[in-house]
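# Just the structure for this:
(6 chains)
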Number of protein chains: 4
Amino acid sequence: MSTTPAFRRLPRAVRERQMLDAAVRVFSRRGFHAASMDEIADEAGISKPMVYAYLGSKEELFTACLHREGTRLLEAIVGAVVPDLPFEERLWRGLRAFFRFVGAHRDGWAVLYRQGRGERPFAGELAAMRHRIIEVVAGMLDRGLAADGREVRPAELEIMAYALVGASESVADWLADHPDADPDVLAGRMMDFAWTGAGNLLAGRRWSPPPAPTD
Amino acid sequence: MSTTPAFRRLPRAVRERQMLDAAVRVFSRRGFHAASMDEIADEAGISKPMVYAYLGSKEELFTACLHREGTRLLEAIVGAVVPDLPFEERLWRGLRAFFRFVGAHRDGWAVLYRQGRGERPFAGELAAMRHRIIEVVAGMLDRGLAADGREVRPAELEIMAYALVGASESVADWLADHPDADPDVLAGRMMDFAWTGAGNLLAGRRWSPPPAPTD
Amino acid sequence: MSTTPAFRRLPRAVRERQMLDAAVRVFSRRGFHAASMDEIADEAGISKPMVYAYLGSKEELFTACLHREGTRLLEAIVGAVVPDLPFEERLWRGLRAFFRFVGAHRDGWAVLYRQGRGERPFAGELAAMRHRIIEVVAGMLDRGLAADGREVRPAELEIMAYALVGASESVADWLADHPDADPDVLAGRMMDFAWTGAGNLLAGRRWSPPPAPTD
Amino acid sequence: MSTTPAFRRLPRAVRERQMLDAAVRVFSRRGFHAASMDEIADEAGISKPMVYAYLGSKEELFTACLHREGTRLLEAIVGAVVPDLPFEERLWRGLRAFFRFVGAHRDGWAVLYRQGRGERPFAGELAAMRHRIIEVVAGMLDRGLAADGREVRPAELEIMAYALVGASESVADWLADHPDADPDVLAGRMMDFAWTGAGNLLAGRRWSPPPAPTD
DNA sequence: TATGAATGAGTTTTCATTCAT
DNA sequence: TATGAATGAAAACTCATTCAT
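Numbering: from 1, shown residues only, chains lettered A, B, ... in the order given. Prediction:
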């Protein structure tokens, strides 16, 4: 009946991806609250009701962004950490994959790390995601120690994993602001920091506070 | 009839402090955008116009919170790091002061770390504050190395400081969610992670990536 | 069930006109500051956000009113002043058109003359409009004089035009408060005042102050 | 008891004058609505509650300004129009006094002419004041005609007076924006416009519309 | 007399969300 | 599927006005 060409009426999956891409960009540069559905619809080149039809409310949309980017990140890391390699090698590959991802997906990283943090409704969502990474790392550490015949209490392991992940995030965030930096070099720096430290711990060397008399 | 003291009609300085306290609490639990001036005024037990009269706009109010909490944190750390002590001792004291602060000022920490991050207008403000800490840490590392006769390029030092600070922040954030944890113990864990690592680096041991052929 | 036509969901152009009409009415009776966007939206039978969506801020809305009414007025006058007629005839037609307009568009006149005056942001806008009229009048006077072989300094011409326009405005304002008065009669009165005066001036008769000794 | 010198605790009349002066300045530059009681109190170098104690509400304050400036203006004109002089001389003196007043009291003029106009609560107040002047003028015209043995219907006289007053206001407003112009010269221009016209009318010359066939 | 402290009531403006076509 | 038209609800901010000292 109509001569309209096949410009619009894209299949659902494609449209959804376009919208998510647009949403990630907008959320990344504005933050959750300051981003408006109008701007997102504009960025996606689509009308607002379509966004609602496809992705639901603004919260659902942000959650979807979080999910997609988080999953991509996790998959990048997990895919890089080949299980049977030795601990050191796995750590190195994981870090490298992580920094490469951040270098290549700055918007996604901003959404995950800078914007999701403080917004009440997503704190849980994000914490869960972060926890999955931390557990991966803690598991690696654990197996590293076990392979060495040593044993560490889970609580301590968890803290260590938090430290490692936090350090990586901080450096990754620096990377997100320095587009010219080389992710692989940064991964090396992190190994400097984490491995030589972790290596010592694996070797059983612990640190104990000096006997400061007054505090 | 009643012994009720002068609840209302307080002098300006007192009211200002009350408002800042309230604002820090509200910003901490809602984030900058989701917090409403109404809620802050309520929390302070005062009417909205007073908040505007004393602290200016919402942005100025948030900045004031950032400033007060940031200054407190910095002072706590700097006050603990006695200059003439050896490097290790200084690091230990600094970390301990940091974790103690976070344990005692959870709301302030949330404002500084979780909320300020993504909000456009304050990113700079916060980055500056963070940078001051990082420079302190980098300075410490630098002098530690110099005392040892070694030399490291500034860029590497900075990254290392980012890692150290990020690790501490991450563990501190964990602490903020675990009120029963002991800050001093966490500081010890951080030393485990940071010092044995840093110690190795100070001793000249660097890590180098394995010669993985394909990537 | 009912034959009610499409009251809502009107096309943009129609709604915009409705809004301007309503705005002119409300501004006319309240003045710029005292008018609230709520009242304007109500008067237009529409919700506030639509007003913002279509006409922008309150200032832009008022400017739009000023523009529309000013343009209408100017067009009414200019359309009436056929160029090739003699000066007297042109003046008469211009005045008659002016008074007819004011009689038929009391609200528009109130917005232009009574409300725009004092409000800082529009003074310029309005002054420009008024100036256009004054220049038209001054031009007419000038050509009237030139046709007569006489010459008057531009500054004097301008003042004279100000006087003529001011006199007309004042009488028009009286008309706006006396709905039963006949615009054409008033235009005649103005000619009495202006033309017999102007006629004398055209004839070269100037007035000079008496030699009052003390002042 | 105290050594405080006689800076404050001024007699009521003085304080009131200071406040009115300040109010006139502020209203003049901001308009009634945009002026804030804070700014007025500041300008008067006094605290807000004092303004309320002395002059009542904001409306009352503005009314007081209107009254004072209006009375001054009226007195200046009436004082200049010595009753027994001939019509022409009285008109000339009245106009000169008017333009001199506006030149010397620009703020007062702005309050009377530009700001009061549109503000609902004062329209009546102002109209009354204007009417008093118009009646003075109409009375002058009437006696001028009577002395000449002619008679004009009151309605026509009123319109003429409106025209004369409006013309003067318009030129006066021009003067308020041109501080370097000489009020007496402007008064002369107005006589050019008004007297040569009025003189003709007094001589019985009326204008009648041309017999335009179609309108 | 004089004022710093305090607020109720309103203003403009924005935004997520939904109809009706 | 796709969208222009439409709105309820809320947020930041201001101001005339008053109290308590």
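
# Any idea how many residues pack against the closest residue to DNA strand F within chain A?
As assessed by CB to the nearest atom of the strand, DNA strand F sits closest to A:Pro49 within chain A, at 2.8 Å. No exception for glycine: its C-beta is placed from N, CA and C like everyone else's. By the criterion of other CB atoms under 10 Å in any protein chain shown, A:Pro49 has 9 neighbours.

# And for A:Ala147?
When neighbours are counted by other CB under 10 Å, A:Ala147 registers 11.

# With A:Val81 instead?
19.

# What backbone torsions are found at it?
According to degrees, to the nearest 10, the main-chain angles of A:Val81 amount to phi -90, psi 80.

# Wait, it touches A:Leu95, no?
No - between A:Val81 and A:Leu95 there is no contact under CB atoms under 8 Å: 9.8 Å.

# Now do the end-to-end distance for stretch A:43-50.
End-to-end span of stretch A:43-50 (CA to CA, to the nearest Å): 13 Å.

# Buried residues, it. List them.
The neighbour-count check on stretch A:43-50 (16 or more other CB atoms under 10 Å in any protein chain shown) flags A:43-44, A:46 as buried.

# Mind putting these into TSV with distance to C:Gly118, secondary structure and pLDDT?
Shown next, in TSV, are the buried residues of stretch A:43-50 (distance: CB to CB, whole Å; DSSP: H, G, I helix; E, B strand; the rest coil; pLDDT from 0 to 100):
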residue	distance to C:Gly118	secondary structure	pLDDT
A:Glu43	44	helix	96
A:Ala44	47	helix	95
A:Ile46	47	coil	94
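
# now, which of those lie close to DNA strand F?
Contacts with DNA strand F within the buried residues of stretch A:43-50, counted by CB under 7 Å from any atom of the strand: A:Ile46.

# List the contacts of the residue in chain A that chain D sits nearest to.
Using CB to the nearest CB, A:Ala34 is the residue of chain A that sits closest to chain D, at 30.5 Å. Taking CB atoms under 8 Å, 6 or more residues apart in numbering or on different chains, we find A:Ala34 in contact with B:33, B:119-120.

# out of the residues you listed, which touch chain A?
Among the contacts of A:Ala34, the ones lying near chain A by CB under 8 Å from any CB of the partner chain are B:33, B:119-120.

# could I get these as CSV with secondary structure and neighbour count?
As requested, the ones next to chain A among the contacts of A:Ala34 are exported to CSV (DSSP: H, G, I helix; E, B strand; the rest coil; neighbours: other CB atoms under 10 Å in any protein chain shown):
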residue, secondary structure, neighbour count
B:His33, coil, 17
B:Glu119, coil, 22
B:Arg120, helix, 11
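
# returning to that earlier point: out of the buried residues of stretch A:43-50, which touch chain C?
For chain C, no contacts are drawn from the buried residues of stretch A:43-50 by CB under 8 Å from any CB.

# Let's have the buried residues of stretch A:43-50 in CSV, adding distance to A:Asp173.
Formatted as CSV, these follow (distance: CB to CB, whole Å):
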residue, distance to A:Asp173
A:Glu43, 24
A:Ala44, 27
A:Ile46, 31
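
# Give me the mean pLDDT for stretch A:117-129.
Mean pLDDT, stretch A:117-129: 83.

# List the buried residues for it?
Across stretch A:117-129, burial judged by 16+ other CB under 10 Å covers A:117-119, A:122, A:125-126, A:129.

# Now the two most distant members of these.
Checked with CB to CB, those reach their widest spread between A:Gly118 and A:Met129, with 15.4 Å between them.

# returning to that earlier point: among the buried residues of stretch A:43-50, which one lies nearest to D:Asp182?
Among these, A:Glu43 lies closest to D:Asp182 (CB to CB), at 62.8 Å.

# got the contact list for that closest one?
A:Glu43 is in contact with A:22-23, A:25-26, counting by CB under 8 Å, 6+ apart.

# for A:Arg68, same thing?
Residues in contact with A:Arg68 (CB under 8 Å, 6+ apart) are A:20, A:24, A:108.

# That one and chain C, how far apart?
For A:Arg68, the distance to chain C (CB to the nearest CB, to the nearest Å) stands at 32 Å.

# and that residue, helix, strand or coil?
Under the three-state scheme (DSSP: H, G, I helix; E, B strand; the rest coil), A:Arg68 adopts helix.
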